[in-house]
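# Turn this into a model:
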Amino acid sequence: MTLVERTILGIDPGLANTGWGIVAQRGPHLTCRAYGCVSTSKDAPLAQRLHKIHEQMAAVVARFEPSCAGIETVWFGANVQSAFATGQARGAALVACADRGLEVLEFSPSQIKLAVVGTGSAEKDQVQYMVRQLLALDDVPRPDHAADALAAAICYTTHEGFAQRTGAACVAYDSPNSGKDLR
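This is a model prediction of the structure:
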């Protein structure tokens with residue numbers, strides 16, 4: 001049996017706050033290496049906000065050198081304008097991943113909750129508690145966007161096989177830097 005060793009980037013996209021988390025996996029053991037949040041000002045022009053998200057996510061990828069990433073999909077609730085803004089932030093983060101040739105799996109909020117808590121209808125505080133427990137952290141990661149990003153990275157470890165077997169929710173990006181086709 002092959003022992004999986006890798007570094008996973010988790011992303012919780014948002015225009016105001018894009019959470020990120022780095023999880024190291026060695027077999028079934030998961031360790032939090034780092035987490036944080038890219039925050040943008042609502043007063044800044046949209047292009048500058050997206051540029052900041054891209055640049056800071058690219059810096060995270062360059063620093064921690066993850067081999068793959070899990071990102072939350074956009075949830076279309078009652079506020080469609082907010083969903084579009086989240087989608088744009090997601091795109092900026094995805095480009096940072098594509099620049100380094102990362103395999104990216106996309107997960108719905110309910111898939112992430114199911115992977116971390118055991119139910120797709122879990123509350124935010126339940127997800128935060130389980131992220132703390134699963135990664136053996138002293139405290140719940142703050143801000144909550146960082147905890148959600150760590151949850152996306154954890155979800156990657158549990159859903160990866162299913163996504164690859166079924167072709168569901170798996171997006172691989174060609175990277176001009178890698179010289180190889182990931183599809």
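
# contacts, neighbours, all on C-alpha from now
Fine.

# host element of Gly14?
Per DSSP states H and E: Gly14 is located in neither a helix nor a strand.

# For His51, see how far away it is.
Plainly put, Gly14 is 13 Å away from His51 if you go by CA to CA, to the nearest Å.

# More neighbours: which of those two?
Gly14 (26 against 15; other CA atoms under 10 Å).

# How about the contacts made by that one?
85-87, 89-90 (CA atoms under 8 Å, 6 or more residues apart in numbering).

# Swap in 6 Å and give it another go.
Gly14 is in contact with 86, 89, counting by CA atoms under 6 Å, 6 or more residues apart in numbering.

# try His29
His29 makes no contacts at all, as judged by CA under 6 Å, 6+ apart.

# Just grab the bridge partners of it for me.
Here His29 sits in beta bridges with Arg26, as judged by DSSP bridges.

# Distance from stretch 65-78 to the middle of the chain?
What separates the centre of stretch 65-78 from the centre of its chain is 5 Å, taken as CA atoms, centre = their mean, to the nearest Å.

# Oops, could you answer that again for stretch 56-75 instead?
Once both centres are worked out by CA atoms, centre = their mean, stretch 56-75 turns out to sit 6 Å from its chain's centre.
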